[in-house]
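**Q** below is the sequence, then the predicted model.
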Amino acid sequence: MTLALSHFSAALLFSLFASVVFGITQRNIPREQFLYGLYCFAMFLGGVFVAGWLMWLLRR
Amino acid sequence: MANPTSKNEVVATTTKSPAQPISSLSVLAPAIGWLVPGAGHLIQRRWIRGLLLMASILIMFVLGLLMQGHVYQPNGGDILDILGFIGDFGAGGLYILSQAAGWGQSAISHATADYGTKYLIVAGLLNFISAADAYHIAIGKKP
């Protein structure tokens, strides 16, 4: 069985799982862990969009 | 005038954290956590954290394999291959299982397989962080 994800969906899943681990391991209390995980996810996703637009600009 | 050497020694002694007693849990938790992702937290009754870590790392590793990612062998060649092996090795039991079953041995032939390879490496690196976290809980540095 082969899974073929698009670049965006692969980046989205990567961000989700990495954020969960970062949230749990880098903060001490559950509320902070949740917020930090959310922050990491937003940063990952934001980075994807910023990098995408940068590459679009470089290509033109 | 104060002797700078003795002053440095005083600063060093006051800032040094007290030595933690080595308990069996502080050795067992990171070892089990490395072998089975999330298990280091589960044996310390951090159920939700342990299950979330286990699910995240396990799913990431399996997705990497399903995307035809490459699992690196122990090697002494190219630096990137060595680093790839270190990352993959972090997955512990999952890495051992993939080696035993012969999974992830194909060459990286398309873009998705390259994503898969990165998924496998990062799953291992996240498991290293998870095992370190289990250790910090075991020594009482983290609740």
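**A** Looks like it arrived, so ask away.
**Q** what residues does chain A put near chain B?
**A** By the criterion of C-beta under 8 Å from any C-beta of the partner chain, the positions of chain A lying close to chain B are A:1-5, A:7, A:10, A:13-14, A:16-18, A:20-22, A:24-25, A:28-29. C-beta here means a position set from N, CA and C on the backbone, and glycine is covered the same way.
**Q** let's see that with 10 Å instead.
**A** Counting by C-beta under 10 Å from any C-beta of the partner chain, the residues of chain A lying close to chain B are A:1-7, A:9-11, A:13-14, A:16-30, A:33, A:37.
**Q** list buried members of those by neighbour count.
**A** Of the members of these, the ones counted as buried by neighbours, 16 or more other C-beta atoms under 10 Å in any protein chain shown, are A:3, A:5, A:10-11, A:13-14, A:16-25, A:27, A:33, A:37.
**Q** ok, longest helix in the chain?
**A** Assuming you mean chain A. Across chain A, the longest stretch assigned as helix under DSSP state H is helix A:30-59.
**Q** ah, I was thinking of chain B
**A** Assignment by DSSP H gives helix B:111-138 as the longest helix of chain B.
**Q** and the closest residue to residue B:98 other than its chain neighbours, its phi and psi?
**A** Of all residues beyond its chain neighbours, the one nearest residue B:98 is residue B:71 (5.0 Å), with distances taken as C-beta to C-beta, 6 or more residues apart in numbering or on different chains. As for residue B:71, its main-chain torsions (degrees, to the nearest 10) stand at phi -100, psi 120.
**Q** surely residue B:71 touches residue B:88?
**A** Yes: using C-beta atoms under 10 Å, residue B:71 makes contact with residue B:88 at a distance of 5.5 Å.
**Q** and for those two, which residues touch both?
**A** When contacts are counted by C-beta atoms under 10 Å, 6 or more residues apart in numbering or on different chains, residue B:71 and residue B:88 are jointly contacted by B:61, B:64, B:94-95, B:98-99, B:104, B:117, B:120-121, B:124.
**Q** low-scoring stretches of the chain, by residue?
**A** Since you didn't name a chain, this refers to chain A. Across chain A, not a single residue meets the criterion (pLDDT under 70).
**Q** please go with chain B instead
**A** Residues of chain B meeting the criterion pLDDT under 70: B:1-21.
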